[in-house]
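**Q** Return a 3D structure for these sequence lines:
(2 chains, ligands or ions: 2)
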Amino acid sequence: MIIGIDVGGTHTDAVLIDSTGIVKKNKTLTRKHDLSDTISLSLAELTEGIDLSSIKKINLSTTITTNAIIENTVEKTATVIIPGPGANPNNHLIDEYFFILKGSIDHRGEITEQLSNEELEKVKRNISESGIKTMAVVSKFSTRNSLLEDETAEQCSSLCDFITPGHITSGSLNFPRRINTAYYNSAVWRAFNSFSDSVISNTEKLGIKCEINILKADGGTIPLRYSRTRPVESVLSGPSASIMGIMALHSTLKTSVLLDIGGTTTDISLFVEGIPLIEKDGAKINGKLTSVRSLLSRSIGIGGDSFVRIENGTIKIGPERKGAPLCLGGPSPTVIDAFVFLGIAELGDKRKSAEAIIKMAAELGDTPEVTAARIAEGACEKISREITSLIDETNSRPLYTVHEVIENYTISADTVFIIGAPAGFFGEILKKNYEVIIPEHHEVANAVGAALCKTTIQCSLFADTTSGYMSIPELNIEKEINSEYSMGDAETDILQHLKEHLKTENIRINYDDLEITERTSFKMIKGYYSSGYDLRLKCQIKPGLSRTLEKRGAE
Amino acid sequence: MKTKKKLGLIFFPAYDWAISPTHPEREERLLYTHDQLMEEGIFDLDCMTELRPLVASNEDIMKCHFCFPDVESVTTESHLVSAGGAIRAAKAVLEGEVDRSFALVRPPGHHAMKTVHGNRGFCNINNEAVMVEYIRSNYGIKKIAIVDTDCHHGDGTQDIFWNDPDVLFISLHQDGRTLYPGSGHIDETGGPGAPGKTVNIPLPPNTSDEGFLYAMEHVVMPILDDFKPEIIINSAGQDNHYSDPITNMNFSAMGYAKLNDMLKPHIAVLEGGYSIQGALPYVNLGIILAMAGLDYSHVKEPGFTESKYRQSGEVTEYISGLCDIIVADYFSAKKNAGPRKDSVHMASRNIYYDTDGIQETRKEEIYTCSKCSGLYVIESSSNRNSLSAGIELPYDACERCLQLADTLAEKFTNEKKFHRVQLIDRKRRNFKYIK
Ligand SMILES: [Zn+2]
Ligand SMILES: [Zn+2]
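**A** Ligands and ions are numbered 1, 2, ... in the order given. Below is the predicted model of the structure:
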């Protein structure tokens, strides 16, 4: 049996799944300041009367790192950057302990300027005097050559408990994103590890002995143990849990939209031919761009509990939530109250909703029916607009080959899947413009998604046969190659090194799932003669499900 | 204090297109530029908008070029995408999506002339010229300036606008006596209908930042101030760089950035530049930062020092004398221009297409007119195409020129000697092969 737990902002959802489908599900309130306790309570309830030895794994989607970043309770962390020439390095300032070092690597990975020992000593003094214990070090083009990062990290290793070198966070080129990612990785490291410790000890106390995995923003999992040095990968796992959940509940997604409607916000994501779209370069966390691989998801401040009021003679909806709907004893009118008035929702004390709608109608000089409809439609229209803008954005992604531009591939979507507590109410309105599908078990889709996600990992290889070296930055591998090194050699290398890494880290996956997703080869010319090849590969286990639940859902 | 500008980037490296496997105009030309821009996080900046190129239509091309035997025969899809990239850049600026834009597209275009029989100087279609006609026919813009900062003389662009009084063409380049295509001397100053509207600044080999910026300050800027264009376009070739393998200049990435900071072009379109590792990544970054009004003071090629590439005193002195002559010529041409008279000017020339080995012979008749910008008629043949003709009418064509064009069109269609006849009628928006 597998357990999936999704710790959300308000609720924590959990499911227990066996080969026949969902055995048990529960929803508990999230105790924001004790997430590991929340998880224990949820686990205890879920496993009551269950043979604990039959539990094979627990997959956990948690807000621990996301919250720490959003609420700015992260640890003070030093950021050391080695920018070399280019844009103004001060643009990358992220926190008060920010140091810029001399030294430079070019786009081919050649060191064009060495580190300055004198500067490095000064930084070390500064770090040691300020009592900072975590650090991030990022050099420009460290994905091509990590030497300057590694040297700096080694020099500072005695001063810090944990250092993130930029190149392990991503194999893609984007210096500012690597800085943000490495910084956050170090800044949440301690909190994440203490959370992990207590999750492990709490689970053991409950008598559960099984592997524990953490859900990532890309819709895959990694072992909790492995995530201890990569805690930043656990951010924004909530939307990815929902996306994977809907894939588990409904296998014929085609090109469609997923709406996860909650109390305060709605998360919007896209499927193209059944596959969830990913963010082109990585997730945005708290307004900062990172290289954390993430499924595409946009959040807007519209939900069932969005605060409704009249401002300057017009209806305003959200983005803030003041509390529960009036009908459920809340403090002020919400979108749900409009649904209740319209008879779309049967919920709590109808009279309270009606009272508020009638009062607003009087103020607007409209009938209460029109007013309620305007609120419900207004909320749905904001969602529709966001769907359109997300599709437009996807359709305007840049293309880099003649072939692609001539093909001019664009998507459109008419089908909308809705999950979340108020899914049915919004669906009533949205079905005027879309084909709306609300799958069974949608209220625990996120936990189902967490439960059924597969382990994912990715890495990239860059080889330059002219300069005679190859690197796989994420795995910390750099080696010399000869001029005969070919695409075939590169493919063998990336697969072999990744398998070795997985073995060392004791991560069990089906090697058949490993696939090379990008292969480019440029013949480099000096003068009019070929001087060698520039090879670039990416290898990954694509995010996916260990299986789907759809059969059972249809029964 | 710099003001940030919204910059539209049309980055189109055409990773699947090359002239030939070892030709400098090949797939990976923008690869390291792409790497540098990605690594700098340029596309993530709030002030940057990355835009997909459009695909130029045959009509877009036929508003500007006489293509023989037809557009399809002299273009590939990549040319249409590259020209479409320039069009997208213009559209973004003129429709207010962005303040400025930069089309980093290939293949380049500034050696493509009015008549096109094939590829010359790595170019088939003149991206800037196609863009200029797109701007003029869609947005009611009249006066446009093109400043060509490629190391090679922009002979194609010069040829296309030679007789157009509303387009000012300025080219800064390595002296034609020392580099392909050999033209671009100071006495090439525009056709009979547009005297002084072509300005050539042939700089001596080894000119460095100092010399380029001197010419900018003392020639380009004063002439632009006088011409008062509504739109400024930079043909942003990058082969003046000290590391370029096929030229002999000493311009730096910082120099290119400063030049753009001074010029403040609305639209820049990439031209040549074949130092794909040592120059392009830094020059393009410098241009982008400068165009967006961002700090470019940290842009520097590894190992570059100003003293290493400083021009000699002799070069400095030569450039200063040259600039005085060019500015004086421009203003005296303006003073002496007087009203346009009705007359016909004949010329003929041979055009060699180095890439495709084509030899073209072209005869032209320029009808200057007292009432409009005048009529332009060409007869052209090459070892690829038998004799063909082209008739072009300006946006402001007068009744008499329209009638004359119609008479010629009918005559050419009936004359057996012409294989193809193409009409560019901007006034009545009629662009087609009438034979
Ligand atoms: Zn050139
Ligand atoms: Zn006329």
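**Q** which ones are touching the nearest residue to A:Ile64 once chain neighbours are set aside?
**A** Of all residues not flanking A:Ile64 in the chain, A:Phe195 sits nearest, at 4.9 Å (Cβ to Cβ, 6 or more residues apart in numbering or on different chains). The C-beta positions use only the backbone N, C-alpha and C, and glycine is treated the same way. Under the criterion of Cβ atoms under 8 Å, 6 or more residues apart in numbering or on different chains, the neighbours of A:Phe195 are A:Leu35, A:Ser36, A:Thr62, A:Ile64.
**Q** isn't there a strand covering A:Phe195?
**A** No - going by DSSP: H, G, I helix; E, B strand; the rest coil, the assignment for A:Phe195 is helix, not a strand.
**Q** ok, back up a step: which ones among the contacts of A:Phe195 lie within helices?
**A** Counting by DSSP state H, those place A:Leu35, A:Ser36, A:Ile64 in helices.
**Q** Looking at the residues you listed, spot the one nearest B:Ser275.
**A** Among the ones in helices among the contacts of A:Phe195, A:Ile64 lies closest to B:Ser275 (Cβ to Cβ), at 49.3 Å.
**Q** Now do the contacts for the closest one.
**A** A:Val7, A:Leu35, A:Val188, A:Ala191, A:Phe192, A:Phe195, A:Ser234.
**Q** which SS state does B:Gln278 fall under?
**A** Gln isn't right for residue B:278; it's Gly. coil.
**Q** tally of neighbours for the one residue in chain A that gets nearest to ligand 2?
**A** Nearest to ligand 2, among the residues of chain A, is A:Val405, at 39.9 Å (Cβ to the ion). The criterion is other Cβ atoms under 10 Å in any protein chain shown. On that basis, A:Val405 has 24 neighbouring residues.
**Q** and whichever strand or helix holds it, how far from the chain's centre?
**A** Assigned by DSSP states H and E, A:Val405 belongs to helix A:402-407. The chain centre lies 31 Å from the centre of helix A:402-407; the measure is Cα atoms, centre = their mean, to the nearest Å.
**Q** other SSEs contacting that helix?
**A** helix B:77-94 (3 or more Cβ pairs under 8 Å, 6 or more residues apart in numbering or on different chains; DSSP states H and E).
**Q** Does chain A have contacts with the helix it packs on?
**A** Yes - counting by Cβ under 8 Å from any Cβ of the partner chain, contacts between helix B:77-94 and chain A involve B:Glu77, B:Ser78, B:Val81, B:Gly84.
**Q** show me the contacts for A:Met487.
**A** By Cβ under 8 Å, 6+ apart, the contact set of A:Met487 is A:Arg519, A:Ser521, A:Tyr533, A:Leu535, A:Leu537.
**Q** Next step: the contacts of A:Ile64 restricted to strands.
**A** Among the contacts of A:Ile64, DSSP state E puts A:Val7 in strands.
**Q** Could you tell me which residues of chain B lie near ligand 2?
**A** B:Cys369, B:Lys371, B:Cys372, B:Cys398, B:Cys401 (Cβ under 5 Å from the ion).
**Q** Verify the stated contact: the fourth one with B:Leu375.
**A** Which is B:Cys398. No - using Cβ atoms under 8 Å, B:Cys398 is not in contact with B:Leu375; the gap is 9.5 Å.
**Q** quick one: which of these two has more around it?
**A** Between B:Cys398 and B:Leu375, counted using other Cβ under 10 Å, B:Leu375 has the larger neighbour count: 24 against 18.
**Q** A:Thr394 - how many residues pack around it?
**A** A:Thr394: 16 surrounding residues under other Cβ under 10 Å.
**Q** which non-adjacent residue is nearest residue 31?
**A** Let's take chain A. A:Arg31 sits nearest to A:Thr38 (Cβ to Cβ, 6+ apart), 4.8 Å away.
**Q** think we crossed wires, I meant chain B
**A** A:Phe522 is the one closest to B:Leu31 (Cβ to Cβ, 6+ apart), at 5.8 Å.
**Q** In three-state terms, label the residue nearest in space to the middle of chain A for me.
**A** Geometric centre of chain A, nearest residue: A:Ala217, 2.2 Å, by Cα atoms, centre = their mean. Following three-state DSSP, the label given to A:Ala217 is coil.
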